[in-house]
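In: fold the following.
(one chain, ligands or ions: 2)
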Amino acid sequence: MSTHISDATSGAHEEIGHSEAGVEQKHLGEKSADWVDGRLGVYNLAKANLRKIFPDHWSFMLGEICLYSFIIIILTGVYLTLFFNPSMGEVVYHGTYTPLQGIKMSEAYKSALDISFDVRGGLLIRQIHHWAAIVFVAAMLVHMMRVFFTGAFRKPREINWLFGFLLLFLGMFDGFMGYSLPDDLLSGTGIRFMEGAILSVPLVGTYLQMFLYGGQFPGNDIIPRFFTIHVLLIPGIMLGLLVAHLILVFYHKHTQFAGPGRTEKNVVGMPLMPVYMAKAGGFFFLVFGVIAFVSAIASVNPIWEYGPYRPDQVSTDAQPDWYMGFSEGLIRIMPGWEIRAWGHTLELGVFIPLVIFGLMFVVIAIYPFLEGWITGDKREHHILDRPRNAPVRTGLGVAWIAEYIILLVGGGNDLFATHLHLSIDAITWACRVLFFVGPVIAFMVTKRWCMGLQRRDKDKILHGRETGTIKRLPHGEFIEVHAQLPQEELFRLTAHEQSAPAELPAAVDENGVKRKIGSITKLRAKLSAGYFGPQSQIAKPTAEEHAEITSGHGHH
Ligand code: HEM
Ligand code: HEM
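Out: Residues are numbered from 1 along each chain as shown. Ligands and ions are numbered 1, 2, ... in the order given. Reported below is the predicted structural model:
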């Protein structure tokens with residue numbers, strides 16, 4: 001306790017402060033902790049959170065990979081800003097890389113070359129930044145799939161799904177802006193692609209383009225503008241969203257898979273401190289190590305090979321980073337339709353893909369709300385679904401992935417053509433057809449597969465697991481011995497709920513008057529029947545069925 005307070009408040013000092021003697025006996029660590037607690041109240045915070053229980057499952061580490069790769073991106077990004085010069089001013093190159101000696105280029109490109117060849121550790125840091133971005137988006141997509149396929153987005157986590165969705169969306173865009181920064185031929189091709197998409201927007205396209213690029217393409221402003229957006233605006237928003245995302249994970253508590261002792265009202269697992277702190281700390285270094293190792297041995301974006309951007313040149317094998325490839329696919333497989341009227345051109349060949357691009361994101365964002373509406377389920381869910389027990393959702397997820405992959409192939413149609421010696425037109429046409437048919441097939445196959453797995457579960461519950469042991473009965477018949485499942489397994493396989501589809505209100509009301517049923521209500525009932533009807537769930541065996549089969553006669 002500071003002495004001057006005690007002097008000023010003489011009598012009160014005993015009651016508010018600790019005694020001087022008490023302070024002396026404390027360790028330095030304890031004293032500092034007291035000091036911090038006095039100002040920030042950390043004891044209560046720590047007591048409430050450090051022993052918080054988290055359930056364990058390998059798939060819950062995917063969110064962590066997102067977090068760690070994001071941290072790596074920020075660390076390496078800050079180093080890059082020390083040397084990167086986001087200017088489109090022209091200079092002549094006289095650096096270490098001889099093939100480009102004497103070539104005119106932008107200061108941005110020159111500084112990116114300098115980072116690669118002259119700055120100590122520069123190339124490795126650039127590579128780590130780029131590889132971490134690739135891993136980051138991949139981890140986000142897989143984490144999202146985990147959340148999607150297990151139904152972890154259901155009430156109360158819909159808002160956290162939205163936060164996550166925004167992180168994915170912003171992360172992809174920030175990656176796009178990042179690889180636009182070095183101003184090499186590939187960057188410029190990407191920026192040109194984006195200009196085309198903006199220009200295709202009816203009515204406001206040209207204004208938007210002028211506003212963003214500060215004049216005709218490419219102008220002098222786009223790189224400095226992208227730079228501010230890339231290093232400050234988007235990462236700043238993402239950091240805020242990320243903190244909110246993690247606070248909500250804490251607040252809602254983590255979901256868990258069904259198992260004995262696990263209910264909708266508890267969480268079974270290990271405490272954050274020390275178990276998860278140690279695991280997470282170690283895992284961070286593992287992720288960092290793997291990304292650094294890959295960056296050290298696998299070249300990504302060798303900008304010196306492409307040369308500086310010149311609007312009159314187009315990079316022949318321009319390929320965006322994998323996560324943006326689907327937008328390229330949308331454009332490449334779309335026929336070049338356009339409508340000319342009253343002196344204006346409506347570029348449908350670009351505008352329609354742009355709209356579909358937006359829709360693919362919107363579908364992700366609203367899915368939890370859509371499913372909530374269809375199923376009419378207003379309860380909280382903390383126990384995860386096994387994907388097979390939600391065949392429609394699982395089918396939709398796989399259909400989305402199939403569409404994404406088809407578009408990715410469409411986006412690399414030139415590479416597939418040259419590497420597989422196929423005609424580029426054949427690939428484009430195959431992608432056009434598959435764009436419509438592929439997701440439907442994926443949906444149907446997945447749904448049937450899920451139903452098959454549900455049937456298999458039912459079979460296992462009633463008849464046990466096949467042991468592979470063949471027994472010959474006295475009268476000569478051969479049978480395979482089935483082993484009863486352990487109780488935990490029986491619990492796990494039967495823990496899921498099976499809801500009934502929402503029913504339409506009776507056709508006549510209580511007064512015998514014909515009720516008007518709106519088409520939306522009808523649609524909802526149909527969709528609900530799709531989710532919960534007999535084509536989507538195999539009825540779980542009842543306890544009686546189980547008892548009857550497993551009791552008495554030598555079941556097999
Ligand atoms: C910067 C990107 C992201 C980071 C760092 C991040 C981090 C995390 C972490 C650490 C968890 C808890 C552990 C786990 O379940 O994996 C989590 C849970 C969750 N995340 Fe993310 N996430 C990100 C992006 C996303 C995306 C793209 C979505 C979905 C669109 C999403 C939706 C969720 C949901 C709904 C939960 C709660 C899951 C549960 O309790 O089972 N997150 N996130
Ligand atoms: C989600 C966040 C981010 C993603 C996905 C991302 C991604 C990228 C990518 C793919 C590149 C191209 C690298 C290359 O040349 O091969 C890049 C460049 C760059 N990034 Fe980031 N970045 C992110 C955040 C940041 C942050 C927070 C900073 C700075 C504080 C930063 C600074 C830079 C700089 C200076 C460059 C240009 C240097 C160069 O290309 O060599 N980035 N970024």
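In: which ones are touching residue 242?
Out: By C-beta atoms under 8 Å, 6 or more residues apart in numbering, the residues touching residue 242 are 67, 70, 167. Backbone N, C-alpha and C define where each C-beta goes, glycine included.
In: distance to ligand 2 added to those, as a markdown table?
Out: Shown next, in a markdown table, are the contacts of residue 242 (distance: C-beta to the nearest ligand atom, whole Å):
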| residue | distance to ligand 2 |
| --- | --- |
| 67 | 12 |
| 70 | 6 |
| 167 | 9 |
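In: let me see the mean pLDDT of stretch 110-128.
Out: The pLDDT scores in stretch 110-128 average 97.
In: do stretch 212-231 as well
Out: On average, stretch 212-231 scores 94.
In: hmm, who's touching that stretch?
Out: By C-beta under 8 Å, 6+ apart, stretch 212-231 touches 77, 81, 84, 86-89, 106, 108, 174, 177-178, 180-181, 183, 188, 191-192, 195, 198, 209, 309, 311.
In: strands of the stretch 151-300 of the chain, residue ranges please.
Out: 270-271 (DSSP state E, counting those that start in this stretch).
In: mind listing the helices for it?
Out: Remark: helices assigned in the stretch 151-300 of the chain by DSSP state H, counting those that start in this stretch are 158-180, 185-199, 205-213, 222-228, 234-252, 277-297.
In: in the stretch 101-250 of the chain, which residue sits closest to ligand 1?
Out: Using C-beta to the nearest ligand atom, the single residue of the stretch 101-250 of the chain nearest to ligand 1 is residue 164, 2.2 Å away.
In: which pLDDT does the model give the closest residue to that residue other than its chain neighbours?
Out: Leaving aside its chain neighbours, residue 164 sits nearest to residue 245 (6.1 Å; criterion: C-beta to C-beta, 6 or more residues apart in numbering). If you check residue 245, the pLDDT there is 98.
In: was I right to think residue 444 contacts residue 394?
Out: No - contact criterion C-beta atoms under 8 Å: residue 444 and residue 394 do not qualify, at 12.0 Å.
In: more crowded one of the two?
Out: Set side by side, residue 444 and residue 394 give different neighbour counts by other C-beta atoms under 10 Å, the larger being at residue 394 (24 against 12).
In: quick check: which ranges of the stretch 251-400 of the chain have low pLDDT?
Out: For the stretch 251-400 of the chain, applying pLDDT under 70 flags the ranges 314-318.
In: for ligand 2, what are the nearby residues on it?
Out: residue 301 (C-beta under 6 Å from any ligand atom).
In: in the stretch 251-400 of the chain, which residue sits nearest ligand 1?
Out: residue 255 (3.4 Å).
In: re the thing from before, tell me the spacing between the residue of the stretch 101-250 of the chain closest to ligand 1 and residue 137.
Out: 13 Å (C-beta to C-beta, to the nearest Å).
In: can you pull the residues of this structure lying near ligand 2?
Out: So the chain meets ligand 2 at 73-74, 77-78, 80-81, 84, 112, 115, 126, 129-130, 133, 136, 171, 174-175, 178-179, 181-182, 230-231, 235, 238, 301 (C-beta under 6 Å from any ligand atom).
In: and these, which of them are buried?
Out: 73, 77, 80, 84, 112, 115, 126, 129-130, 133, 136, 171, 174-175, 178-179, 181-182, 230-231, 235, 238, 301 (16 or more other C-beta atoms under 10 Å).
In: which residues of the protein lie near ligand 1?
Out: Counting by C-beta under 6 Å from any ligand atom, the chain sits next to ligand 1 at 60, 62-64, 66-67, 70, 140, 143-144, 147, 152-153, 157, 160-161, 164-165, 167-168, 242, 245, 249, 254-255.
In: pLDDT score for the nearest residue to residue 249 once chain neighbours are set aside?
Out: Of all residues not flanking residue 249 in the chain, residue 160 sits nearest, at 6.9 Å (C-beta to C-beta, 6+ apart). Confidence at residue 160, expressed as pLDDT, is 98.
In: show me the contacts for residue 160.
Out: Contacts of residue 160 (C-beta under 8 Å, 6+ apart): 153, 245, 248, 249, 252.
In: repeat the analysis, applying 7 Å as the threshold.
Out: With contact set as C-beta atoms under 7 Å, 6 or more residues apart in numbering, residue 160 has these partners: 245, 248, 249, 252.
In: on that earlier part again, what about residue 164 and residue 137, which has more around it?
Out: More neighbours surround residue 164 than the other of residue 164 and residue 137, with 25 against 21 (other C-beta under 10 Å).
In: re the thing from before, may I ask which of the contacts of residue 160 has the most neighbours?
Out: Going by other C-beta under 10 Å, residue 245 tops those with 21 neighbours.
In: I'd say that residue and residue 161 touch.
Out: No - with contact defined as C-beta atoms under 7 Å, residue 245 and residue 161 do not form a contacting pair (9.7 Å).
In: which residues touch residue 254?
Out: 54, 55, 60, 267.
In: now with 8 Å, please.
Out: Applying C-beta under 8 Å, 6+ apart, the residues contacting residue 254 are 54, 55, 60, 267, 269.
In: again, but for residue 256
Out: 55, 57, 262, 267, 268, 269, 382, 383, 384.
In: what about it, distance to residue 470?
Out: 39 Å.
In: please name the nearest non-neighbouring residue to residue 194.
Out: residue 176 (7.7 Å).
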